[in-house]
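A.B. asks: what's the 3D shape of this:
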Amino acid sequence: MSSKSPRRNGVSEQHIRKAASSVQPPDERLLLPSRMRTNTRKLEAALHRFTSNSPQIRSMIKEFARQDSSQGQHVMGGDFSRLGPFFRVDQISSYMDFLNSLYVPTGSKSLVLPGHYYYLNQAWQSSLGGTAASKVTGGLSNYSLANVSENNDSSHAGVYILVSTDQKNYGKLSKVTFEPSGNWSGKLLFNTDWDWARNVAGSIRITARIWLVAYVHNVATNSFDPLLNNSVTSNDLLFGSFTGSGYYSPTKGGTLDNFALQFIAEPARQYLLGVVTQVQIVHNLTDDFGKSLRTPPQGAFTCYGILNSVVDSMYVSHKILVA
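C.D. replies: Sure, this is the predicted structure:
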C-alpha cells in the first residue's frame, strides 16, 4: 500500500491543510471588491494633497465610478436554481415562465427572449462626485463627497427594463412583481480634524440607498409617469451620522435578493421598471455663529459615501386578477 498522502487536483492533502491553517479571521475589508479597496486608498491619499472640490479629485472619482460600473458579472442563463438542476417534460411550462420573466444586461451571454435585455441606463452626479451606470454589465457606481456648500446632495445611478403588457397574457388587470438579483458593497468615511471641527456646529449624515421604480408610458404626453398605485419602494443599505471630530468608517455588503416592488398593471401599456442606487449626504454644518462654512483646508474635512452594485438580472412575474 502506498504511503503517499492523498492528492486533490494534483495537490497533496498536507499542502492543502497547511494553507488552510493560515487563513485569518474575516474583517470588513473583505466586504469590498479589490478594485474598490484600491480606489478608496488612492482617494483618501489624494484628499490629503488636494481639496475635495479640486479638478484632480473630481477627475479621479469620475474615473473610479466609470471603472467600477464596467466590472459587472454576467449571469449565465439566469438563476436556474428557481427551477432545480434538471428539467422534466412537465417542467417545460415552468421553464418558459422563467424565460418570460428574466431580463439581463445587454452584454450577458444568457439565454433570454428577444427584447429581454436592459433597456436604459441613467446617471445623475452629486455636486462633488462621480456616478456611472451600465446596461451592458448592470454595474451601478456612486462616489459622493460631502460639500459644505450643499446641505442635501445626492448621486443616483440606474438601469431599466421595458415591459409591454397585453390582454392575452395579462388579462384586464394583473398584479406584477418586479425583483432584481445581484450584489452591492458600500463604504462611508467621516474624517474631520479637531482644529477645524472645534469651530463648527451641526452634524452630517450619509445614506446609501436602493430604489425600485415603475413608470407607465403616457401616450398623450409621450412621457413615462409614476404609477398611481405603488410606483416606488426603497431600502437603506448603509448609513451613518457624525458630529464633532475624529474618524469613523462603516463598511457593509450584501445581495439585492428578497427586495421587490408590486403594482397593478393594465393591458396595452408600456412599463419602465428600474433599479436605482443613491448616495445622499445631508448636513446642517455652520460656524459657531450660525453662518455658512467656507471651504475647509485640505485634509481637515473628508466625508464621503461609496456604493457599488451589480444588477445581474431582473425578474418580472404577474398574476391575473381580472381575466
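
A.B. asks: Could I get the average pLDDT for whatever helix or strand residue 182 lives in?
C.D. replies: Per DSSP states H and E, residue 182 falls inside strand 173-192. The average pLDDT for strand 173-192 rounds to 94.

A.B. asks: quick one: buried residues of that strand?
C.D. replies: Neighbour counts using 16 or more other C-beta atoms under 10 Å place 174, 176, 178-192 of strand 173-192 among the buried residues. C-beta coordinates here come from the backbone N, C-alpha and C atoms, glycine included.

A.B. asks: What are the boundaries of the strands in the stretch 151-300 of the chain?
C.D. replies: Assigned by DSSP state E, counting those that start in this stretch, the stretch 151-300 of the chain shows strands spanning 152-164, 173-192, 200-201, 203-218, 223-226, 232-243, 246-248, 251-255, 261-265, 270-283, 286-287.

A.B. asks: Now do the residue nearest to residue 288 when sequence neighbours are not counted against residue 51, distance only.
C.D. replies: Residue nearest to residue 288 in three dimensions, not counting chain neighbours: residue 199, with 5.6 Å by C-beta to C-beta, 6 or more residues apart in numbering. Per C-beta to C-beta, to the nearest Å, residue 199 is found 18 Å from residue 51.

A.B. asks: Residue 165 too?
C.D. replies: 51 Å.

A.B. asks: With neighbour numbers in mind, choose between these two.
C.D. replies: residue 165 (19 against 16; other C-beta atoms under 10 Å).

A.B. asks: so what's that one up against?
C.D. replies: 174, 265, 266, 267, 268, 269, 271 (C-beta atoms under 8 Å, 6 or more residues apart in numbering).

A.B. asks: need the contact list for the first one.
C.D. replies: Each residue near residue 174 by C-beta under 8 Å, 6+ apart is listed here: 165, 264, 265, 318, 319, 320, 321.

A.B. asks: Can I get the buried ones among these as something I can paste into PyMOL?
C.D. replies: Buried residues within these, by 16+ other C-beta under 10 Å, are selected in PyMOL with:
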select buried, resi 165+265+318
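
A.B. asks: Can you give me the buried ones in the longest strand seen in the chain?
C.D. replies: The longest strand of the chain (DSSP state E) is strand 301-322. Across strand 301-322, burial judged by 16+ other C-beta under 10 Å covers 301-318.

A.B. asks: and if you look at stretch 196-209?
C.D. replies: By neighbour count with 16+ other C-beta under 10 Å, stretch 196-209 contains the buried residues 197, 200, 204, 205, 206, 207, 208, 209.

A.B. asks: Can I get that stretch in PDB? Just the C-alpha atoms.
C.D. replies: Provided in PDB are the C-alpha atoms of stretch 196-209 (Å, rounded to 0.1, in the frame of the first residue of the first chain):
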ATOM      1  CA  TRP A 196     -11.200  72.700  12.200                       C
ATOM      2  CA  ALA A 197     -14.200  70.900  13.800                       C
ATOM      3  CA  ARG A 198     -14.000  72.800  17.200                       C
ATOM      4  CA  ASN A 199     -15.300  75.900  15.400                       C
ATOM      5  CA  VAL A 200     -18.100  74.000  13.600                       C
ATOM      6  CA  ALA A 201     -21.600  73.300  14.800                       C
ATOM      7  CA  GLY A 202     -24.100  70.700  13.500                       C
ATOM      8  CA  SER A 203     -23.900  67.100  12.100                       C
ATOM      9  CA  ILE A 204     -23.600  65.200   8.900                       C
ATOM     10  CA  ARG A 205     -25.500  62.100   7.700                       C
ATOM     11  CA  ILE A 206     -24.700  59.800   4.700                       C
ATOM     12  CA  THR A 207     -27.100  57.200   3.400                       C
ATOM     13  CA  ALA A 208     -26.500  54.600   0.700                       C
ATOM     14  CA  ARG A 209     -29.900  53.600  -0.600                       C
END
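
A.B. asks: what pLDDT, on average, does it get?
C.D. replies: 94.

A.B. asks: In this structure residue 292 contacts residue 286, no?
C.D. replies: Yes. Between residue 292 and residue 286 there is a contact at 6.6 Å, judged by C-beta atoms under 8 Å.

A.B. asks: quick one: low-confidence ranges for this protein?
C.D. replies: Applying pLDDT under 70 to the chain flags residues 1-11, 15-16, 19-20, 22-31, 72-93.

A.B. asks: what inclination does the longest helix along the chain have with respect to strand 173-192?
C.D. replies: The residue-count maximum for a helix in the chain (DSSP state H) belongs to helix 55-69. With axes from the mean of the first three to the mean of the last three C-alpha atoms, to 10 degrees applied, the angle from helix 55-69 to strand 173-192 works out at 140 degrees.

A.B. asks: Can you name every helix or strand that the helix or strand just after helix 55-69 contacts?
C.D. replies: Later in the chain than helix 55-69, the nearest helix or strand by DSSP H and E is helix 92-101. Packed against helix 92-101 by the contact rule (3 or more C-beta pairs under 8 Å, 6 or more residues apart in numbering; DSSP states H and E) you find strand 301-322.

A.B. asks: could you check the angle strand 203-218 makes with the strand it packs on?
C.D. replies: 30 degrees.
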